[in-house]
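# Show me the folded form of this:
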Amino acid sequence: MRIPTLLTAAAAATLITSSAAQATIRLANDPGGLTAAYQQRFAHARASGERIVIDGSCLSACTLAIGLVPREQICATPRAVLGFHAAWQPTPFGGKAVSFPATQHMMNIYPADLQGWINRHGGLTPRMMFLRGQELAAFVSTCSEADGAAAVRTAAHRAHRPNHPSRQIVALRPPHSRPIFAVRPMP
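Down below sits the predicted model:
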């Protein structure tokens, strides 16, 4: 009786492990946020082997995926756009001020070739600069048809989810694996 139980447990562990390694995180219309939260998110993806599909705008801290996830785990669809700018922190009166240490920290995370592209385009400043198309393909591989189809299925799945005016519901995994949704305040 112990052997069938052990075999069942081993099979279940294998299924859980392989499904985590085959999970996909879809980044689309992601405005960024706290760099520490994105570092943690992408460190988990790197460790678990989750694939990242950039399928739309990936701005600010979202772009850290390029430096934190191995290139073989990440791809971009033709709709992908990366947006880079200097890190900022809130001021006491509700404004924004560039954080030079946080901006340097972000630059240190990016691979050297991407750092070169950023520097050739004026460096990280408060102004957003965009990387897309053929230029993006030099840094991130183009997604396969299967990756693109998964992104489209996820977009269709999200379209049926209601949004509150001050919150956005973001699907972090496509419907073929267990969807995880995060509710975050809209800027």
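
# Point out where the protein drops to low pLDDT.
Within the chain, the segments meeting pLDDT under 70 span 1-22, 145-187.

# Look at residue 109 and say how many residues are nearby.
Counted by other C-beta atoms under 10 Å, the residues lying close to residue 109 total 19. Where C-beta positions appear, they are placed from N, C-alpha and C, glycine not excepted.

# list the contacts for it?
By C-beta atoms under 8 Å, 6 or more residues apart in numbering, the contact list for residue 109 reads 39, 64, 67-68.

# Please report the distance of it from residue 67.
4 Å (C-beta to C-beta, to the nearest Å).

# Repeat that for residue 133.
To residue 67, residue 133 is 20 Å away according to C-beta to C-beta.

# Pick out whichever of those two has more residues nearby.
The neighbour comparison of residue 133 against residue 67 (other C-beta under 10 Å) goes to residue 67, with 17 against 12.

# surely residue 110 meets residue 67?
Yes: taking C-beta atoms under 8 Å as the definition, residue 110 is a contact partner of residue 67 at 4.5 Å.

# gap between the two ends of stretch 85-95?
16 Å (C-alpha to C-alpha, to the nearest Å).

# In that stretch, which residues are buried?
The neighbour-count check on stretch 85-95 (16 or more other C-beta atoms under 10 Å) flags 85-87 as buried.

# same thing with stretch 58-75?
Across stretch 58-75, burial judged by 16+ other C-beta under 10 Å covers 58-69, 73-75.
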